[in-house]
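1. using only what follows, build the 3D model:
(chains A and B)
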There are 2 protein chains.
Amino acid sequence: MKNTNKKARIILADNIKRLRKKRGLTQENLSFLSGLHRTYISSVERSERNISIDAIEKISKALKIPLHKLLEDL
Amino acid sequence: MKNTNKKARIILADNIKRLRKKRGLTQENLSFLSGLHRTYISSVERSERNISIDAIEKISKALKIPLHKLLEDL
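-> Reported below is the predicted structural model:
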């Protein structure tokens, strides 16, 4: 982890966007796979939502990514 | 990460408890350092709360632990 002051929401948003695109998924696809609304996914990716651990877990499972990988500050 | 089905809340709770004790902190101490209520800390450590990313960030800063370390399934 770099010693930045990057906010948790931004770290999470960057990782979700990056990993979603790496898997060739649209927000619509991720919405379907996670069971979360597309506009919710969109707002999380813009760091606008104070997303909960249960919703982070849904995204982690949908992307098949270990939970902690979504919070890594790359 | 082990390939278990351990829930995200439980992974987080286990890590917070372990790292808090490693630092010799009580729930009261962690409450003071994070700005979260002691009964809230207590319920998070019992996996009862669907804690948000902003609150996880407060705990991460209070424990001086990189965010992703709190979500690692050890």
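
2. can you give me the helices for chain A?
-> Secondary structure of chain A by DSSP state H: the helices cover A:8-22, A:27-34, A:38-45, A:53-63.

3. pLDDT wise, what is the residue most central in space within chain A at?
-> What sits nearest the mean C-alpha location of chain A, by CA atoms, centre = their mean, is A:I16, with 3.1 Å. Here, the pLDDT recorded for A:I16 equals 98.

4. OK, contacts around it?
-> Counting by CB atoms under 8 Å, 6 or more residues apart in numbering or on different chains, A:I16 makes contact with A:30, A:41, A:44-45, A:59, A:63, A:70. For glycine as for every other residue, the C-beta is placed from the backbone atoms N, C-alpha and C.

5. near chain B, which residues of chain A show up?
-> A:1, A:7-9, A:11-12, A:50-54, A:56-57, A:60, A:66-73 (CB under 8 Å from any CB of the partner chain).

6. now with 7 Å?
-> A:1, A:8-9, A:11-12, A:50-54, A:56-57, A:66-68, A:71-73 (CB under 7 Å from any CB of the partner chain).

7. for these, which ChimeraX command selects only the ones that are buried?
-> To isolate the buried ones among the residues of chain A next to chain B in ChimeraX, judged by 16 or more other CB atoms under 10 Å in any protein chain shown, type:
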select /A:8,9,11,12,51,52,53,56,57,66,67,68,71,72,73
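
8. can you redo the helices of chain A as a markdown table with distance to B:L36?
-> Formatted as a markdown table, the helices of chain A follow (distance: least, CB to CB, whole Å):
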| stretch | distance to B:L36 |
| --- | --- |
| helix A:8-22 | 14 |
| helix A:27-34 | 27 |
| helix A:38-45 | 22 |
| helix A:53-63 | 14 |
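
9. need the winner for burial among those.
-> Ranked by mean neighbour count, the helices of chain A are led by helix A:53-63 with a mean of 20 (mean count of other CB atoms under 10 Å in any protein chain shown).

10. and stretch A:23-40, how far out from the chain middle?
-> Distance of stretch A:23-40 from its chain centroid, counting by CA atoms, centre = their mean, to the nearest Å, is 10 Å.
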